[in-house]
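**Q** compute the structure for the input listed below.
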Amino acid sequence: MRPEVTIVIPTKDRWETVRGTALAASSRQEDVELEIVVVDDGSRDEAPPEIALADPRVRILVRDNPQGVGAARNAGIEAATAPWVAFLDDDDLWSPRKLRLQVDAALAAGAGFAYGGAIWVGDALRPLHGHEPPDPALLATELLRWNTMWGGSSNVLARTELLRVLGGFDESLHQLADWDLWLRLARASPAARVDQVLVALVVHQQSMLLTDQRDVFLELDCLDAKHRQAREAAGVELDRARFARWVGAGHARAGRRGDAARAYVRGTRAPGNVARAAVALLGRAPLSTLSSLRANLPGALEAGHRTATRPDWLDLYR
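**A** Numbering: from 1, shown residues only. The predicted model follows:
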């Protein structure tokens, strides 16, 4: 039977994470025919044989030379045989109804892509922070100001052909390639929203924002230039202060105090950012309390933020 959804999971050197997290989330999807494409972006070790043997729906695409997560996702889009593609980072978790609900919502709305609510969890899957999904009617405009697609790539399901027509992810970008694609999707097609928490992002020290030390502000400049015409037509300004808070929080969680302080005020003198920079330089650990964690996560205490309520489906992953 032809699959309804192709799940694309990019990974590199994290086979245990893939097996315990992303494949667990994929295999638990209910009432949907699917295939799972794991794109190995140049791992040093081969995938353990049991990963593919455990589930006949799994295919592993091996790329000998690592080209980045955007290129890996694009390889998955090209390999997809289903009419819908869902992206899943190797360390994120899904509600078992995620794909079914999103496909149904997209079909009902005549939409080209769909998304839901997202939650951040810490040790023992303890809820930390959550976001309501943005209003589809406002999404195209809001994305020009700030990335309101909470949950990143793991949140979005999109029509395969639409992704191909748009050219997939911009491989010249790294951390902001998903934001760029959401901008293009939102201008090309209506969106559909599921008003439930469908995605859990696990906060840990190996996340890309914490480990990648490339200058993400240069990526922001590229993103700004790429979408400037649309932003000017909509009368929207890029929220650089909010972006600086997101980057600064990442450096702070990684213990890079000086980088955090510089990031908080880079290109902005917003009072809240200046205060965060001072706190970072003074050495206060931003993750020492739950309240400080909420203050430092991307978008915390701003539009769309809510106190995280633990969804029952997280119990499946204990």
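**Q** for the chain, what helix or strand is lowest in average pLDDT?
**A** helix 290-296 (a mean of 40; mean pLDDT, DSSP states H and E).
**Q** got a list of what Leu101 touches?
**A** Ser95, Gly116, Val194, Gln196, Leu198 (CB atoms under 8 Å, 6 or more residues apart in numbering). For the C-beta atoms, the positions are set from N, CA and C on the backbone; glycine is no exception.
**Q** now, which of those sits nearest Trp15?
**A** Trp15 lies nearest to Ser95 out of the contacts of Leu101, by CB to CB, at 24.1 Å.
**Q** and the helix ranked longest in the chain, how far from the chain's centre?
**A** Assignment by DSSP state H gives helix 240-253 as the longest helix of the chain. With CA atoms, centre = their mean, to the nearest Å as the basis, helix 240-253 stands 16 Å off its chain's centre.
**Q** please work out the average pLDDT along that helix.
**A** Averaged across helix 240-253, pLDDT comes to 84.
**Q** what's the nearest residue to the most centrally placed residue in the chain if we skip its chain neighbours?
**A** Nearest residue to the geometric centre of the chain (CA atoms, centre = their mean): Gly152, 1.7 Å. Of all residues not flanking Gly152 in the chain, Asp178 sits nearest, at 5.5 Å (CB to CB, 6 or more residues apart in numbering).
**Q** what about this protein, any weak spots by pLDDT?
**A** 53, 204-213, 267, 284-308 (pLDDT under 70).
**Q** which residue ranges of it form strands?
**A** 5-11, 34-41, 58-63, 84-87, 92-94, 113-121, 127-131, 157-159, 191-202, 305-306 (DSSP state E).
**Q** I'd like those written out as JSON lines, with mean neighbour count and distance to Arg184 added.
**A** Shown next, in JSON lines, are the strands of the chain (neighbours: other CB atoms under 10 Å; distance: least, CB to CB, whole Å):
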{"stretch": "strand 5-11", "mean neighbour count": "26", "distance to Arg184": "17"}
{"stretch": "strand 34-41", "mean neighbour count": "23", "distance to Arg184": "21"}
{"stretch": "strand 58-63", "mean neighbour count": "16", "distance to Arg184": "24"}
{"stretch": "strand 84-87", "mean neighbour count": "27", "distance to Arg184": "15"}
{"stretch": "strand 92-94", "mean neighbour count": "25", "distance to Arg184": "22"}
{"stretch": "strand 113-121", "mean neighbour count": "26", "distance to Arg184": "11"}
{"stretch": "strand 127-131", "mean neighbour count": "23", "distance to Arg184": "22"}
{"stretch": "strand 157-159", "mean neighbour count": "23", "distance to Arg184": "11"}
{"stretch": "strand 191-202", "mean neighbour count": "22", "distance to Arg184": "12"}
{"stretch": "strand 305-306", "mean neighbour count": "14", "distance to Arg184": "26"}
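**Q** noted, bye for now.
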